[in-house]
Structures are given as structure tokens and as C-alpha cells.
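1. Show me the folded form of this:
(3 chains)
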Amino acid sequence: MTTELLAVRGLAKAFGLSNVLEDVSFSVMPGEIVGLLGPNGSGKSTALNVISGFLPRSAGTITFAGRDISDAPVHAITDLGLVRTFQLPSMPHRMTVREVLKAGKRDDGGRFAPVAYGPEIDVLLQEFRLAHVAGHAASALSGGQKKLLSVATALRANPKLLCLDEPTAGVHVSLRSDLVGVLRNYVAQGGACLVVEHDMLFIRDLCTRCIVLDRGNIIADCLPGELENNPRVVEAYLGKAIEKGGMAQ
Amino acid sequence: MSDFLIHVISVSCIYGILALSLNLQAGFTGLMNFGLIAMFGCGVYGAGLVHRFGLPVALGPALALILAVLMGLFLARLGRRLSTDYWGIATLSIAEIARIFATNLEPLTGGAQGISGLPLLFSGLRPWDGAARLALFAVILGVAWLICERLVRSNFGLGMKLIREEPQLARALGYDIDRIRSTVMVIASVIAAVAGVLYAHYLSFVGPELLLAPETFLIWAMVIIGGIANNRGVIAGAFAMQFMMAYVPFVKDYFALPSDFVAAARLMLSGGVILGFLLLRPQGIFPERVGGRHDH
Amino acid sequence: MVQFIFDTLFRAADLALIAVALSAVYSLIRFPNVALVQYAVVGAFVGMALQQQGVPIVPAVLLASLLVGGIAQVFNAVIFQRLLRLDPAIALIGSLALSMVLSAGFLLGFGPAAQRFSVQVAPATRVFGVRVTEMQVLTGGLTVAILIAFALLLFRTPLGREMRAVSTNPVLAAATGVNTARVTGLVVFLSGVIAALGGAMLALRGSVSIDMGTNMLLPVFAAAILGGLGNAFGAVFGAIVIAAAETLITNLNFGPIVGQDHVFLPASYAPAASFALLVAVLLFRPRGIFVSEVTRV
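-> Residues are numbered from 1 along each chain as shown, chains lettered A, B, ... in the order given. Model prediction:
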């Protein structure tokens, strides 16, 4: 039996009187790419923020790679190999794209050793089609390019689990398939992914399993192909007319 | 070289060290320290207290080092829960508290009279003692510059720059922000304290008027004029400001201006340079080289 | 005890107007404008200069305050709006630099000696065994009156409602038809007027020297932050607490602690008390006692 990489048990999060997460339990195995779906306001991003240590939990436990990380600070969680990206990544304007990418993996050659740009940096720049802007200020990138850079930077840290918050929103269609390829490749080499996403095509292409949240609870945990036949999922989405288009894809 | 020129360059070297210290904090890590003079004060009073109580001169730097580390850690601790502007005000307050205690704790610090008669460096080398001091200061400025350059070009330096602008991204990538800030504050504090020890033995006098808040803003003016986050630039800024300050009394004599003019002109120079540059050329004379050698 | 209360209240009156002005501006323009303490000095000096030209004292003070309000708007437009586009921290450095330039200007224009209004000095009377001058009572009463007038403006007029709307949510306020630029300009003007009135009150109670602004900077800040920056009337409460701390530390008998009959700290420690309180507040309650700001990550 393989042990779980990430195990979330009875996770709850309240902001004041509103319970954004009520009772969420799920796990991620090594080699999996799990999609975390749900209508707007269902608690997906909050779940990601609590798991990655950016928000304190209200109740429940989170274990990662066999360690209890429920109350661990962000840097300790990252050191264990859980790295996340943001929905709207903001990039520094006094650092270049290459520098930001380099900052993704620390301490190679020692904390106080001079920065050295190894060949792997160039490979990543090529893979994410950022080579032509490597010397530009990171803040000058387009929204989509910033997303790609943040995924690339997170990958540099060589994480065991990569948590992505809407990685394709704003990314040009032609680059989405590249992103799918890069992530598949990363998982094939022993990684795992937890992806918050709206784009169903991307989910079907990439994910091995889907978890659907609605109003702070899990209403489905199934294969991507089974989503459309799940009455609770259809109801959750159709109840919100705006999301209908998203499902119809 | 005339004695006057040697004097101005010597003081410029000491302020160059201070400008490097502030640049490490404000320029590269985004730590807006308005109480830098308290770190300098750790060095000044470290040397002064050792002299006052008749201890060996060599203990001065040791006491300065201990005080500076504590000061750096304390200011960093204060910054854990504060946003930039609140922290800036807090550091200004700490520096003022330090000055008030230096003025009033007469049995310990000599009060407003200060401590005088500190041994002058190289006094045995007369008439070459001035040049010898200048050489020492220049060497120490060079060493401080090397340390700062090495630091900001290291992996650690990437973390500093990331924290400066995007602390959330830095956290997500696993940087321990509190620890990096503390490390920077301690290193910068020790550098500033070294300048303090040198200055105390240069003036052969230590007193609370060395810790006045406008002194901090003089160093800010040096950093802003030279180019924030450019180590060579801020040293140039230190020389530029010191030379301007040094010629103020001559201007006063030449135009037969009232004696208040000197004090007013010093304030006016620091404040005016800061305002003028922030409004017209915020990046300074020598802007930061984003990306370093690799991207140019 | 009565003496302690009087000392505290008069010191609080010194701080309150400037602290309220600082807080009011902060609520709209998100940076603490240090130069306000120097605006207070400008107000006092201009008032004195006008009086020396033969203007009666009341119009002199009013004219000076309106002038300072205008100066505040000019500095805001020429300096702070531009610096704020770079960074609030840069604007803070700019306001510190402006303070230095202004204090240099005072030194050149007025010299280092303390200045006072020429008013008839009535001999001090005793109230509840405490020496009080007429001028202290008058200016104390005026300070309270100005604070009440500002409160009425803020809570009882359409302009006040717009000001509060802009400070809570500028985008929403603009969307509902509030002219945010006009409201901000008015608040900047008012902050200058209130700070200048504060300076004039101080000058009427005693004298004003060029370093008053510099000396007031941190106590005023401490009061504004203690009351929660951006909450104008929290600043009044902050002023009272700071004044009490300063008065207490110099009036407490530390004798019993060190085993002597009478040990008092010298008055020069008084500012240290307010700065230390400021640092302590920042450490343990980073957003002041009356929190009016959303949490900043």
C-alpha cells in the first residue's frame, strides 16, 4: 500500500461567523494530479491557503509526507516539499525573470555563495517560453506570462507536491498544452499536483482525479469523466447560472 | 594633501560605511530604518564606555559588537508584526529613546558632556597620523563594500530582493522572512557599529549630540542621492554629501551670513537633497543594476 | 492629584489638535504626514508675524490657519501626491525631509530664540489649589471647542459623510458620485487649519521655538497611533494617555523602590515615556487601541 502524500482530515475554516470550510477530508497520493473544483465561493482557494500555511485552520488536521503540518509556518511546509502558486501572481519590478526563477530553489552551493545560473534555468526558460524575456523586469510580463513564471519558479524548488491556484486563467490557449505537458512530465518524475481550476478542458486533459467543493463541503471525489453524470455536481453548478457555461465545455 | 582635505575624505569614508549599512537594509531588503543612528551609537558608546571605565581599548569593538547585535535583533523583532511605515516610526522612536538615555544616564555615559579623551588612532605617527587614519578608514570601507557586494550577489541576496518587493511570493517559495530580516539587521548593525567605533576614536570624543535624528537623515540623503540599492552609488553619495557639508562654513564666511546659517544649511541640504531626488530622480545618480552582469 | 489631572489635560490639549489632524489625513491618504507638526509651527509663527504687523490677535490666528491650510494643499499636490505614486514609505521619507527643510527655514527666518504672542498676562489664579492662568483655561476651552466643531463636521454634515465614505472605500465612494479628489483636498486643507490652530494655542499658552515641531513629532505620533491611525477621535484619547504617561513618569516617587525617601526622574525623561509607550503599543497592539483599519498582510 502506498502512503498518502497529503492527508486532510476534518478541515474547517471560519472567517468570523461564516464557515468557508466546514468539514473537508481528502488525500493526495504520489503521482496523482488532483483537480479541486467548485463554483465561486465554494472554498477552493481557502482550502489551498490553509493547507499551504498561509491561513490558520479553525479545526482539523493536515499531514504531509508523514508529518503533521497543521500549525507549521509556511517556510517549514515548503521545506518539506509542498510549494504553491497564487491566483494572481505579483512579480517584482527590480528583479529580472531569470532572477525570480533562480530564487525558486535556494541554497545550492550555500546560502552565501554567489548566484550561479546553471543550465537547468535555461531549460525551464525554454520549456515555459520565457527565454526571450529572461532579462526583463519580472513585473513587466503579461498576466499569463507571470502565471507561467510562477509555476516554473515553484517547479525549481523540486516539490513533492505542487499546489496550483488557477494556473491557466489568462494564459494563452497555445501555451496551455505546453503547461499540461510540463506538469505531466513533472508528475512522471515522481511529483504530484493539487490544482484549483475552472477550465474543464484543462482538467480533463491533466487530472487523474477530481474533488468538487460546494459551500465548504466535498460533494464529489471521482474521475474527471464521471463529473457530468454526477447529479450533485450538476446541481451545484446549475444552481449558479454563471458557471453553466464552464460545465458545458 | 591638505589636512582639511584629509579630514573631509576620512569622514566621508566613515559615512560611506554607514551608507552601505543603510543600503543593505533599505535598498536591498526594503527595511526603512529611520533609527540607523542608534546602530552607529552602539559603536560610538561601545568605544566610549570602555574608555570611561579604564578598560583596554581593544574591548571597545567587542562591546560595540555585542550592543550592535542586540540592537539589530531588537529592531528586527519589532518589525515582525509591523508594516513598513509603522516600523519606520518605531525605529525613529528607539533611536530617540537611546539618545535620551545617553543624555540622562550621567553616571554611566557622562551625560550631555559626553566622554572625551579617547585615544586617537596612530597618534604616534605624527605628522603622518592623519594619512594613516585615512588609509585605515579607506581599507575598512573597502572591506565593508566587498562584504555588501558579496551578500547582495549571493543566493541570500536574491531572497533579500524578493522580500523587498514581493514578501508573499518569497514566503510561498519557502523563504523564512523573519530570519532573513534579522540576519540583514544584525549584519547592517555591526557594519554601522564599526563606523561608530572608528568615529569615536577619530573625534576622540563621544556624546549624545552624535545621535541626533537629522544624522540618520543625512545618511538617507547619501543613499538617495547616490542611488538606492547600488553599493558604489551610495559611497559616492556619502562623499558628495560630506563635501557639500564641509564647504558650508566657507560659504557662510564668504557671504558674511549669520551663524545660524551653518546649522540651517545642513538641515536644508539633507532635506532638500532627499526631496529633490525623490521627486525628480528617485533612482539616484547611479541606479540599481537590475539583474546584475548576467542580464546585460 | 488635582495638579496631576491639570498637567495631564493641558499636555493632552497640546497634543490633541495636531494628532487629530494627523489621523484625519491618514484616513484618506494612507501615509502618516510627519510634516503636520511643522505646519503647527508655521501657524504659530505666521500668527505672531501678523500680530506684529498690527492685525488683532483673533483674525491673525484665523488668517494664519487658513494660510497654513492652503500651504498644506500645495505641499500635498506638489510633493506627496507624486511620492505616493511611488510608495507610501517613500512619501513618509519625503515628509520627514520636508520637516527638516521647514525647520531650517524657521531657523533662518526666526532665529533660535523662543517667540510668543503679545498678550496681556494675567496673574495665575488658584483653582482647587492648582495654579492656572487665564490663558491656559481659554486655550484649553478653545481646543475642546475646535474638536467639537470638527466632530460635528465629520458626523453631522453631508461633507463629513462623504469624508467617511472616501476613507472607508474610495472606489465605492467614487462610484456613488462622491468627488474623491475634492474631499481629499478639503481634508488636507482642514488638517492644515487644525494643526495651525494647535500651534497657535500652544503659542498662546506659552511660547513657541523653532524646534517645537521636532519635539512634538513623536508624542503626536504616539497619540495618533495609540488611538488607531485614521480614527480621528481615537487620537484625542491617545493624547490623554500619552500626556498621562509623560506626567506620571516625572511625578512618580521612585524612592520606595530604591530605598530612599524621594527619588524623581528628571523631566528630560518625559519624552522617553511616550516613545516607549509608542513602541510597546506597536509591539502588542499593532493597529492601535481603536482599530479602524482592515488588517494588512
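2. closest point of chain A to chain B, which residue?
-> Distances between chain A and chain B by Cβ to the nearest Cβ are smallest at A:Thr78, namely 3.1 Å. C-beta: built from backbone N, CA, C; applies to glycine.
3. Can you name the residues that contact that residue?
-> Contacts here follow Cβ atoms under 8 Å, 6 or more residues apart in numbering or on different chains; on that basis A:Thr78 touches A:Ala157, A:Pro159, B:Ala172, B:Leu173, B:Gly174.
4. which ones are touching the residue lying closest to the fourth one once chain neighbours are set aside?
-> Going back to what we said before, that points to B:Leu173. Leaving aside its sequence neighbours, B:Leu173 sits nearest to A:Gly104 (Cβ to Cβ, 6 or more residues apart in numbering or on different chains; 5.8 Å). Each residue near A:Gly104 by Cβ under 8 Å, 6+ apart is listed here: A:Ala152, A:Thr153, A:Ala154, A:Leu155, A:Arg156, A:Ala157, B:Leu173.
5. would JSON lines of these with distance to A:Asn217 be doable?
-> Shown next, in JSON lines, are the contacts of A:Gly104 (distance: Cβ to Cβ, whole Å):
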{"residue": "A:Ala152", "distance to A:Asn217": "34"}
{"residue": "A:Thr153", "distance to A:Asn217": "33"}
{"residue": "A:Ala154", "distance to A:Asn217": "28"}
{"residue": "A:Leu155", "distance to A:Asn217": "32"}
{"residue": "A:Arg156", "distance to A:Asn217": "35"}
{"residue": "A:Ala157", "distance to A:Asn217": "32"}
{"residue": "B:Leu173", "distance to A:Asn217": "32"}
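6. Is the closest residue to B:Phe217 other than its chain neighbours in a helix, a strand, or coil?
-> When the adjacent residues along the chain are set aside, B:Phe217 lies closest to B:Ser270, with 5.1 Å between them (Cβ to Cβ, 6+ apart). Under DSSP: H, G, I helix; E, B strand; the rest coil, B:Ser270 falls in the helix class.
7. Please enumerate the helices of chain A.
-> Remark: helices assigned in chain A by DSSP state H are A:44-51, A:74-80, A:97-103, A:119-127, A:143-156, A:173-188, A:200-206, A:231-238, A:244-248.
8. Looking at the ones you listed, which one is packed in the most?
-> Of all those, helix A:97-103 has the most neighbours on average by mean count of other Cβ atoms under 10 Å in any protein chain shown, namely a mean of 26.
9. Briefly note if that helix comes near chain B.
-> Yes. Legend: contact between helix A:97-103 and chain B by Cβ under 8 Å from any Cβ of the partner chain is shown at A:Arg98, A:Glu99, A:Val100, A:Lys102, A:Ala103.
10. just checking, C:Ala44 touches C:Val208?
-> Yes. Counting by Cβ atoms under 8 Å, C:Val208 is a contact partner of C:Ala44 at 4.3 Å.
11. And the two? Which one has more around it.
-> Ranked by neighbour count (other Cβ atoms under 10 Å in any protein chain shown), C:Ala44 and C:Val208 place C:Ala44 first, with 30 against 26.
12. which residues touch the more buried one?
-> Counted by Cβ under 8 Å, 6+ apart, C:Ala44 has contacts C:Ala64, C:Gln115, C:Ala196, C:Gly199, C:Ala200, C:Leu202, C:Ala203, C:Val208, C:Met212.
13. if I look at the residue nearest to B:Phe217, how far off is chain A?
-> Distance of B:Ser270 to chain A, given as Cβ to the nearest Cβ, to the nearest Å: 25 Å.
14. what about the nearest residue to C:Phe221 once chain neighbours are set aside, distance to chain A?
-> Distances taken as Cβ to Cβ, 6+ apart put B:Ile89 closest to C:Phe221, at 5.7 Å, once the chain neighbours are dropped. For B:Ile89, the distance to chain A equals 25 Å [Cβ to the nearest Cβ].
15. which residues sit in contact with the residue of the stretch 151-296 of chain B found nearest chain A?
-> Here the residue of the stretch 151-296 of chain B nearest chain A is B:Gly174; by Cβ to the nearest Cβ that distance is 3.1 Å. By Cβ under 8 Å, 6+ apart, the contact set of B:Gly174 is A:Val74, A:His75, A:Thr78, A:Asp79, A:Val83, A:Arg106, A:Ala157.
16. Residue 226: neighbouring residues, count only.
-> All of this is about chain A. 13.
17. ah, I was thinking of chain B
-> For B:Gly226, using other Cβ under 10 Å, the count is 27.
18. what does A:Gly66 give?
-> 10.
19. Please determine how far the residue lying closest to it once chain neighbours are set aside is located from C:Asn179.
-> With Cβ to Cβ, 6+ apart as the criterion, A:Gly66 has its nearest non-adjacent residue at 6.9 Å, and that residue is A:Thr3. The gap separating A:Thr3 from C:Asn179 is 62 Å, by Cβ to Cβ, to the nearest Å.
20. Please tell me the pLDDT value assigned to the residue of chain A closest to chain B.
-> Looking at A:Thr78, its pLDDT reads 94.
21. hang on, the residue nearest to C:Phe221 packs against C:Phe31?
-> No. At 11.1 Å, B:Ile89 does not count as touching C:Phe31 under the criterion of Cβ under 8 Å.
22. The two: who's more crowded?
-> B:Ile89 (28 against 22).
23. Is that one located within a helix, as I assumed?
-> Yes. Assigned with three-state DSSP, B:Ile89 falls within a helix.
24. Enumerate every residue touching it.
-> Neighbouring residues of B:Ile89 by Cβ under 8 Å, 6+ apart: B:Phe34, C:Pro32, C:Leu218, C:Phe221, C:Ile225, C:Leu278, C:Leu282.
25. Kindly provide the distance from it to C:Ser274.
-> 12 Å.
26. who touches both of the two?
-> In contact with both B:Ile89 and C:Ser274: C:Leu218, using Cβ under 8 Å, 6+ apart.
27. picking up where we left off before, do you know the pLDDT at the residue nearest to C:Phe221?
-> At B:Ile89, the pLDDT value in this model is 87.
28. count of neighbours near the residue of the stretch 1-150 of chain B found nearest chain A?
-> The nearest approach of the stretch 1-150 of chain B to chain A comes at B:Arg150, 7.3 Å away (Cβ to the nearest Cβ). B:Arg150 has 14 neighbouring residues, counting by other Cβ under 10 Å.
29. Over to B:Ser2?
-> A count of nearby residues for B:Ser2, using other Cβ under 10 Å, gives 8.
30. With B:Gly130 as the reference, measure out to it.
-> Here the criterion is Cβ to Cβ. By it, B:Ser2 lies 10 Å from B:Gly130.
31. Run through the residues that contact the closest residue to A:Val171 other than its chain neighbours.
-> Distance criterion Cβ to Cβ, 6+ apart; nearest residue to A:Val171, sequence neighbours excluded, is A:Gly144 at 4.1 Å. Contacts for A:Gly144 (Cβ under 8 Å, 6+ apart) come out as A:Gly170, A:Val171, A:His172, A:Leu175.
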